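Colleague: Need coordinates for the following:
(one chain, ligands or ions: 1)
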Amino acid sequence: MLKAGAGTAAVLAGGGVAAPLLSAGPAHAADLDPGTIPKYEVPMPRIPVLKPSRLTSGTSFFDVDMRESDVQILPGRKTRVLTYGGAFPGRTLLATTGRRTVVSRLNTLGTATSVHLHGAHVAPEHDGGPMDLIAPGDRRSYTYPNTQTHANLWFHDHAHHHESEHVYRGLSAFYLLSDRTERSLPLPSGEFDVPIMLRDARFDTDNQLVYVMDDFLNRNTILVNGRPWPYFQVAARKYRFRILNSTNLRFFTLKLSDGGSFTQIGSDGGLLAEPFETTELRLSCGERADIVVDFARYPVGTSLELVNDNGPGPAEHVGKVLRFDVVRTAADDSSVPARLRTLPALPTPTVERTIDLRMDEDGRPHPNAYIDEKLYDHHRVDTVIQHGTTELWTVRNVNELAPHNFHMHLVQFRVLERNGTPVTGGPEGGLKDTVTLLAGESVKLQATFKGYRGSYVYHCHMLDHSAMGMMATMQIV
Ligand SMILES: [Cu+2]
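Modeller: Numbering: from 1, shown residues only. As a prediction, the model looks like this:
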């Protein structure tokens with residue numbers, strides 16, 4: 001991702017230490033050396049499913065408070081985190097297209113929050129925008145109509161200037177939306193369909209999370225479903241893994257340690273049109289992918305790692321993610337069809353725009369980050385869009401060093417070109433809501449803005465960058 005030498009560190013590691021958000025948080029002790037955390041000694045947890053509080057004919061109701069909790073992440077002392085409902089990461093909400101979800105949120109934290117459902121097509125008042133806050137002690141309900149097709153969505157905090165720290169400290173949970181198209185396919189299901197939430201972290205010697213703005217060089221402990229470098233016991237058959245990069249700043253390039261191939265079947269907005277055979281999966285912050293790994297080719301007793309071939313950080317730590325242990329045989333009647341879905345038709349665009357992403361990378365102590373050379377200002381509308389219009393956006397990362405990515409609320413878009421080359425199929429050929437932009441890169445996106453009118457944001461999903469100002473407002477009128 002970066003040439004992460006000392007020079008880059010000096011250029012990009014600016015930013016201040018944020019005020020502590022935790023009411024009972026200890027003072028920052030010395031850093032915990034990630035090398036002291038055992039690898040592949042704890043099992044990867046399966047994230048529990050959230051139970052509804054009430055069901056009616058068309059709606060599932062859920063109650064989830066935001067609260068501080070002490071949870072087991074590392075061996076030894078517990079870690080104080082911010083949670084959805086006491087769980088780290090939060091429990092997974094399962095939703096169905098055509099059936100409404102209502103989530104009542106009580107904020108028991110000492111800080112204002114905003115709950116965004118990343119990738120969702122929702123009304124602006126339920127989008128969880130950066131200025132639409134739940135004050136400490138307040139409760140509000142968010143309604144998700146689930147009119148879109150299946151997709152792996154993600155609840156995370158979006159309170160402006162605090163989203164990066166809030167998400168880092170634990171306000172993160174899966175929302176898996178399914179539909180008939182997806183359920184009709186013979187893909188691995190049940191216990192063989194496993195959500196995996198990846199993130200990184202920096203701990204102190206008291207096992208507490210250390211948060212420093214734009215601290216991309218020091219978050220060198222990899223957590224999978226909330227535990228460090230776990231192992232996962234599998235049967236010698238196919239598994240579907242729904243993978244989310246929930247980090248603030250780290251881009252992953254995931255591979256199997258034997259170089260073996262796997263099949264990517266989905267991206268941010270659900271299944272791809274056709275499966276894509278690959279040996280690596282690149283995920284920037286906020287991106288999701290569904291892959292199918294067939295462990296049938298490995299004898300029982302085989303262990304292989306899911307590795308990360310991307311920096312920054314020491315490869316002996318950040319290069320390791322998860323170990324799969326093949327422990328038994330199992331029947332397998334699942335398969336990956338050659339056609340997975342029909343993607344929506346691409347209407348003819350009538351408006352073209354160019355969007356530039358840039359952050360200060362000259363080594364100044366408190367760098368800012370901009371869209372079209374402007375810091376985020378919630379009083380300003382940056383882009384006015386006519387409801388129902390299809391637009392082409394050329395988004396450019398004009399930095400020389402810093403990577404970014406680009407996320408739009410409300411819509412799933414399509415990536416038509418990357419660096420001037422047409423995108424046809426592959427990992428970016430499906431519905432997307434977040435797209436990688438390495439330094440100097442550009443993408444051409446197409447989106448249709450319909451369903452709701454009102455204000456939504458678009459921003460870099462390296463959350464420390466959006467907290468530094470790399471965010472803007474579009475108003476659909
Ligand atoms: Cu960025």
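
Colleague: wait, doesn't residue 398 sit right on residue 355?
Modeller: No - using CB atoms under 8 Å as the test, residue 398 is too far from residue 355 to be in contact (10.3 Å). All C-beta spots, glycine's among them, are computed from the backbone N, C-alpha and C.

Colleague: all strands for the stretch 1-150 of the chain, in order.
Modeller: Taking DSSP state E, counting those that start in this stretch to define them, one finds strands in the stretch 1-150 of the chain at 54-55, 59-71, 79-84, 90-96, 100-107, 115-118, 139-144.

Colleague: Alongside the ion, which residues does the stretch 301-450 of the chain contribute?
Modeller: Residues of the stretch 301-450 of the chain lying close to the ion (CB under 5 Å from the ion) are residue 404.

Colleague: Pick out the residue of the stretch 51-200 of the chain closest to the ion.
Modeller: residue 164 (11.0 Å; CB to the ion).

Colleague: hmm, I was thinking of the stretch 101-250 of the chain
Modeller: For the stretch 101-250 of the chain, CB to the ion, closest residue to the ion: residue 249, 8.5 Å.

Colleague: measure that residue to residue 311 for me?
Modeller: 12 Å (CB to CB, to the nearest Å).

Colleague: ditto for residue 378
Modeller: From residue 378 to residue 311 the distance is 34 Å (CB to CB).

Colleague: between these two, who's got more neighbours?
Modeller: residue 311 (20 against 15; other CB atoms under 10 Å).

Colleague: What does the pLDDT read for the residue lying closest to the residue of the stretch 101-250 of the chain closest to the ion once chain neighbours are set aside?
Modeller: Closest residue to residue 249 apart from its sequence neighbours, by CB to CB, 6 or more residues apart in numbering: residue 216 at 4.1 Å. According to the prediction, residue 216 has pLDDT 90.

Colleague: so residue 216 makes contact with residue 250?
Modeller: Yes - counting by CB under 8 Å, residue 216 does reach residue 250; the two are 6.9 Å apart.

Colleague: Which one's more surrounded, these two?
Modeller: residue 216 (28 against 25).

Colleague: The more buried one and residue 149: what is the separation?
Modeller: Following CB to CB, the distance that separates residue 216 from residue 149 is 34 Å.

Colleague: Next, count neighbours for residue 210.
Modeller: For residue 210, using other CB under 10 Å, the count is 19.

Colleague: and it, backbone torsions?
Modeller: For residue 210, the backbone dihedrals are phi -100, psi 120 (criterion: degrees, to the nearest 10).

Colleague: what are the ranges of the helices in the stretch 251-400 of the chain?
Modeller: 315-318 (DSSP state H, counting those that start in this stretch).

Colleague: if I pick residue 330, what's in contact with it?
Modeller: 235-237 (CB atoms under 8 Å, 6 or more residues apart in numbering).

Colleague: Quick check: the most centrally placed residue in the chain vs residue 186, distance?
Modeller: Centroid check for the chain by CA atoms, centre = their mean gives residue 286 as the closest residue, at 2.5 Å. For residue 286, the distance to residue 186 (CB to CB) stands at 29 Å.

Colleague: cool, residue 199 as well?
Modeller: 31 Å.

Colleague: The stretch 301-450 of the chain: strands as residue ranges?
Modeller: So, for the stretch 301-450 of the chain - with DSSP E, counting those that start in this stretch - the strands run 303-308, 320-329, 351-359, 369-371, 383-385, 390-397, 404-408, 414-418, 421-422, 434-437, 442-448.

Colleague: Now mean pLDDT too, for these, in a markdown table please.
Modeller: Converted to a markdown table, the strands of the stretch 301-450 of the chain look like this (pLDDT from 0 to 100):
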| stretch | mean pLDDT |
| --- | --- |
| strand 303-308 | 98 |
| strand 320-329 | 98 |
| strand 351-359 | 98 |
| strand 369-371 | 98 |
| strand 383-385 | 98 |
| strand 390-397 | 98 |
| strand 404-408 | 98 |
| strand 414-418 | 98 |
| strand 421-422 | 98 |
| strand 434-437 | 98 |
| strand 442-448 | 98 |
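
Colleague: Of all these, which one comes closest to residue 274?
Modeller: When the strands of the stretch 301-450 of the chain are compared by CB to CB, strand 414-418 sits nearest residue 274, at 15.0 Å.

Colleague: Run through who's touching the closest one.
Modeller: By CB under 8 Å, 6+ apart, strand 414-418 touches 343, 346, 392, 422-423, 428-429, 431-432, 435, 441-447.

Colleague: if you set the cut-off to 10 Å instead, what comes out?
Modeller: The contact list for strand 414-418 (CB atoms under 10 Å, 6 or more residues apart in numbering) reads 267, 269, 343-344, 346, 349, 392-395, 422-424, 426-432, 435-437, 441-448.

Colleague: That strand to strand 442-448, inter-axis angle?
Modeller: Angular relation of strand 414-418 and strand 442-448 on a 0 to 180 degree scale: 160 degrees, by axes from the mean of the first three to the mean of the last three CA atoms, to 10 degrees.

Colleague: Tabulate the CA atom coordinates of strand 414-418 in PDB.
Modeller: Output of strand 414-418 as PDB, limited to C-alpha atoms (Å, rounded to 0.1, in the frame of the first residue of the first chain):
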ATOM      1  CA  ARG A 414     -20.500   0.500 -10.700                       C
ATOM      2  CA  VAL A 415     -16.800   0.900 -11.500                       C
ATOM      3  CA  LEU A 416     -16.600   1.500 -15.300                       C
ATOM      4  CA  GLU A 417     -12.900   2.300 -15.500                       C
ATOM      5  CA  ARG A 418      -9.800   2.200 -13.400                       C
END
